[in-house]
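Student: this is the structure alone, sequence omitted:
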């Protein structure tokens, strides 16, 4: 007669009731991270990203809420008392902390309020050129044929126009050069690079198996573009856009310095640099302070763009 006790003890692990206690070798592997979660995982550990984000957030708060940094007005002028008054470094964050300009206006107040125009131009132009370039590039890359040929040639025509020279020609045709006029002129010329990047990404992605399967299942063109192609093609576009944002801020300052960008009474770092260029020997701080602000802002966005590129580009890992 068989030994049932031995059989029971042998077959017990096969029931699965006590299997977790026997085979417990650690936590189960987690769900694989997506491209964006993996990028965020890398960005959080990148000192370049952290430093740039702190500077960008500080500049953004300065642009949105300038009253938190100073109570002085950037347009109040007193030539009799404050003409080229030197900075008083010990009196931090007071109106005379960074001195006064050639019109007796507080340089510190103008630095704080000047962030709004420069950052507004850079951010809005970046959004406009990203949307325009993404739409043009996706249409050209997805449909191909004569549509791709026409859109590519139009892109080449705009790409061949020097950005600063083209913006100068457009801006000189306007009597009043407000912030939105400058934004429209720069956005009209700046979408070509993103269009090329988007077109190349779409041409590669539309040959993927999931796109072919979506077509075979009868998905509409709009659904394929928005649900399958756009999420996978937008990563390189974001990289180009973040790096270009700093360039647009520098371009606005350049146009304002040349006297064909923003104009008074708008408060802008480029305008201040232009008005202070003749005081380099007598009062160099009038020129240096707004120039440093432009450089720090552009550098912050360039560092941010480099960090995003390193996180999203598999070749940089």
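Tutor: Structure's in. What do you need? On a predicted model such as this, the values are computed, not experimentally measured, just so you know. Residues are numbered from 1 along each chain as shown.
Student: just the element for residue 270, please.
Tutor: helix 269-276 (DSSP states H and E).
Student: give me the distance from that helix to the chain's centre.
Tutor: Taking C-alpha atoms, centre = their mean, to the nearest Å, one finds the center of helix 269-276 at 24 Å from the center of the full chain.
Student: show residues contacting it.
Tutor: With C-beta atoms under 8 Å, 6 or more residues apart in numbering as the test, helix 269-276 has contacts from 101-103, 107, 110-111, 114-115, 117-118, 252-259, 261-264, 283, 286-287, 290-291, 293-294. (Each C-beta comes from the backbone N, C-alpha and C, glycine too.)
Student: do the same with stretch 209-224
Tutor: 142, 205, 227, 228, 229.
Student: can you pull the buried residues of it?
Tutor: By neighbour count with 16 or more other C-beta atoms under 10 Å, stretch 209-224 contains the buried residues 211, 214, 224.
Student: swap in stretch 52-62?
Tutor: 52, 53, 55, 56, 59, 62.
Student: which of the contacts of stretch 209-224 are buried?
Tutor: Neighbour-count burial (16+ other C-beta under 10 Å) is assigned, among these, to 142, 205, 228, 229.
Student: among these, which pair sits farthest apart?
Tutor: Across the buried ones among the contacts of stretch 209-224, the longest distance by C-beta to C-beta is 10.5 Å; it joins 142 and 228.
Student: run a quick neighbour tally on the residue nearest to residue 208 when sequence neighbours are not counted.
Tutor: With sequence-adjacent residues excluded and distances taken as C-beta to C-beta, 6 or more residues apart in numbering, residue 208 is closest to residue 232, at 7.7 Å. Neighbour count of residue 232, defined by other C-beta atoms under 10 Å: 16.
Student: and the pLDDT at residue 232?
Tutor: The model reports residue 232 with a pLDDT of 85.
Student: now for residue 91, how many residues are close by?
Tutor: Residue 91: 10 neighbours (other C-beta under 10 Å).
Student: against residue 133, how distant is it?
Tutor: 47 Å (C-beta to C-beta, to the nearest Å).
Student: before we move on, back to that, gap between the strand or helix carrying the residue nearest to residue 208 and the chain center?
Tutor: Residue 232 is part of helix 230-257 when elements are defined by DSSP H and E. Here the centre of helix 230-257 is set off from its chain's centre by 6 Å, with C-alpha atoms, centre = their mean.
Student: what is it packed up against?
Tutor: helix 107-143, helix 163-171, helix 179-189, helix 192-205, helix 269-276, helix 284-312 (3 or more C-beta pairs under 8 Å, 6 or more residues apart in numbering; DSSP states H and E).
Student: including distance to residue 37, could those go into TSV?
Tutor: What follows is the helices and strands packed on helix 230-257, written out as TSV (distance: least, C-beta to C-beta, whole Å):
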stretch	distance to residue 37
helix 107-143	22
helix 163-171	35
helix 179-189	32
helix 192-205	20
helix 269-276	37
helix 284-312	11
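Student: go through these and name the closest to residue 149.
Tutor: helix 107-143 (8.6 Å).
Student: got the buried residues for the closest one?
Tutor: Buried-residue list, helix 107-143, by 16+ other C-beta under 10 Å: 107-126, 128-130, 132-142.
Student: and what of stretch 92-108?
Tutor: Buried, per 16+ other C-beta under 10 Å, within stretch 92-108: 95-102, 104-108.
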